[in-house]
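> Mind folding the following:
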Amino acid sequence: MGHEGLRVMGIDPGLTRCGLSVVQAGGGRAVYPISVGVVRTPADADLPERLLRLSRAAAGWMDDYSPDVVAIERIFERGNVSTVMNTAHAVGVLMLAAAERNLPVHMYTPSEVKKAISGNGRADKKQMTVMITRILGLSEPPKPADAADALALAVCHCWRAPLLMRAQESALKQRRIRGARAAHPG
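Predicted structure coming up:
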């Protein structure tokens, strides 16, 4: 499948607030917004209940919008351990929802997304929101920040997908060449 027409679901994972978005890749660097929203789970609910709500919401989006691929923010160990753990649990159920639908999942660090969207790996939330609003031609900035982050992840993947596909094709060719050499030595 070519890059154009690729439908990407971007997810900014979180247990309390999880940003969800769907975009469609156009020609060149054009990307069109399809939908954006935030799933919230109550902090006073039990963890399994919160994860179930999150999983069902993400699954519903996957079923409604039929993305080709899912882009999720890669979490890393900065800050509060329990927050990181909760986010990791969230990522697990989100990846499971994608896997149940045979959707490939690509993970991007915040700095990779910032660099792709703004050209600066250390851009702040405000700069990122301005850029994503401009890139997608939105009439107003997406709120809250989790929604803007989910859109940024999806756009990042749209722009990275052609590079990833070329790298995969190249690796496949190399394996074929090695395989042919092994089958016909000397």
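> just for this protein, where's the confidence low?
Along the chain, the model assigns pLDDT under 70 to residues 1-3, 186.
> Which stretches in it count as strands?
Residue ranges of the strands in the chain, as given by DSSP state E, are 7-12, 17-25, 31-40, 69-73, 105-108.
> From the contact counts, what lies against the third one?
In terms of contacts (3 or more CB pairs under 8 Å, 6 or more residues apart in numbering; DSSP states H and E), strand 31-40 is packed against strand 17-25, helix 47-65, helix 145-183. C-betas here are computed from N, CA, C, even on glycine.
> and the first one, which strands flank it?
The reference is to strand 17-25. Sheet pairing for strand 17-25, assigned by DSSP bridges, gives strand 7-12 (antiparallel), strand 31-40 (antiparallel).
> Okay, buried residues for the longest one please.
Along strand 31-40, these residues count as buried under the neighbour rule (16 or more other CB atoms under 10 Å): 31, 33-34, 36, 38-40.
> For that strand, what is the distance to the chain centroid?
How far strand 31-40 lies from its chain's middle: 11 Å, per CA atoms, centre = their mean, to the nearest Å.
> what's the angle from that strand to helix 47-65?
Note on geometry: by axes from the mean of the first three to the mean of the last three CA atoms, to 10 degrees, strand 31-40 and helix 47-65 are set 150 degrees apart in direction.
> between the buried residues of strand 31-40, which is closest to residue 155?
Checking these against residue 155 with CB to CB, the nearest one is residue 31 at 5.1 Å.
> Max pairwise distance over the buried residues of strand 31-40: which two?
Among the buried residues of strand 31-40, 31 and 40 lie farthest apart (CB to CB), at 25.9 Å.
> Deepest in the core, which of the helices and strands packed on strand 31-40 is it.
Stretch with highest mean neighbour count among the helices and strands packed on strand 31-40: strand 17-25 (a mean of 25; mean count of other CB atoms under 10 Å).
> returning to that earlier point: Throw the helices and strands packed on strand 31-40 into CSV and include distance to residue 101, thanks.
Formatted as CSV, these follow (distance: least, CB to CB, whole Å):
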stretch, distance to residue 101
strand 17-25, 14
helix 47-65, 5
helix 145-183, 17
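> and of the ones you listed, who's closest to residue 87?
Nearest to residue 87 among the helices and strands packed on strand 31-40 is strand 17-25; the distance by CB to CB comes to 9.3 Å.
> okay, the closest one in PDB with CA atoms only?
Extracted as PDB, the C-alpha positions of strand 17-25 are listed here (Å, rounded to 0.1, in the frame of the first residue of the first chain):
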ATOM      1  CA  ARG A  17      -6.700  11.200  29.800                       C
ATOM      2  CA  CYS A  18      -5.900   9.300  26.500                       C
ATOM      3  CA  GLY A  19      -5.800  11.300  23.300                       C
ATOM      4  CA  LEU A  20      -7.200   9.600  20.200                       C
ATOM      5  CA  SER A  21      -7.000  10.800  16.600                       C
ATOM      6  CA  VAL A  22      -7.400   9.600  13.100                       C
ATOM      7  CA  VAL A  23      -5.800  11.300  10.000                       C
ATOM      8  CA  GLN A  24      -5.600  10.400   6.400                       C
ATOM      9  CA  ALA A  25      -2.400  10.900   4.300                       C
END
